[in-house]
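A.B. asks: after the sequence you'll find the predicted model.
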Amino acid sequence: MAFQIAEHLALGHASRLLAYEVLARADAGRPHTAEAAMAKWLGPKHAAEAIHTCMLLHGWSGYGDDQPYAQRMLDVMGLEIGDGTPEIMKAIIAREAFGREYTAYK
C-alpha cells in the first residue's frame, strides 16, 4: 500500500509542477499551448488513477457511499469532459510537436 501511495504522491507532484510551468510561461508571454494541453491531460488522468486506487484500497466501503471517492471520480470525469477530452489534448500536443501538416485534422 505504501508504494501505491508513494507513486501517486510523486505523480501528483509532477502534475503540479507541469501546471506551474504552464502558468510561468503564460505570465512571461511565452508559448505554452503544448504544455497547457499536457497539464490538462495529465492532471485529470492522474487524479482518476489515484481515486481509483483509493477505492480499491478501501474495498467495498470505497465503492459505496461510506467514502467520497465515487463522487470525486465523477467530478474528475466532468473535468476531463468539460476541459477537453484526453484525445483532444493529445491531438494538440502532437500538433505542437510535429506541426499542423501532420495532424489528422486540417
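C.D. replies: Perfect, I can see it now. Numbers count the residues shown, from 1 in each chain.
A.B. asks: from now on I want contacts and neighbour counts done on CA atoms only, so please keep to that.
C.D. replies: Noted.
A.B. asks: and the residue in the chain sticking out farthest from the centre, how far is that from Gly12?
C.D. replies: Most distant from the centre of the chain: Glu101, at 26.7 Å, with distances by C-alpha atoms, centre = their mean. Relative to Gly12, Glu101 is positioned 34 Å away (C-alpha to C-alpha, to the nearest Å).
A.B. asks: low-confidence ranges, the protein, go.
C.D. replies: 104-106 (pLDDT under 70).
A.B. asks: just give me the residue right at the centre of it.
C.D. replies: Gly43 (2.3 Å).
A.B. asks: could you find the closest non-adjacent residue to that residue?
C.D. replies: Ser15 (5.5 Å; C-alpha to C-alpha, 6 or more residues apart in numbering).
A.B. asks: and stretch 57-65, how far out from the chain middle?
C.D. replies: 23 Å (C-alpha atoms, centre = their mean, to the nearest Å).
A.B. asks: now the end-to-end length of that stretch.
C.D. replies: 15 Å.
A.B. asks: show me what it is in contact with.
C.D. replies: Stretch 57-65 is touched from outside by Met1, Cys54, Met55, Leu56, Gln67, Pro68, Tyr69, Ala70, with contacts defined as C-alpha atoms under 8 Å, 6 or more residues apart in numbering.
A.B. asks: from the residues you listed, which ones fall inside helices?
C.D. replies: Among the contacts of stretch 57-65, the members found in helices (DSSP state H) are Cys54, Met55, Leu56, Tyr69, Ala70.
A.B. asks: may I ask which two of those are separated the most?
C.D. replies: Leu56 and Ala70 (11.3 Å; C-alpha to C-alpha).
A.B. asks: neighbour-wise, which of these two wins?
C.D. replies: The neighbour comparison of Leu56 against Ala70 (other C-alpha atoms under 10 Å) goes to Ala70, with 16 against 13.
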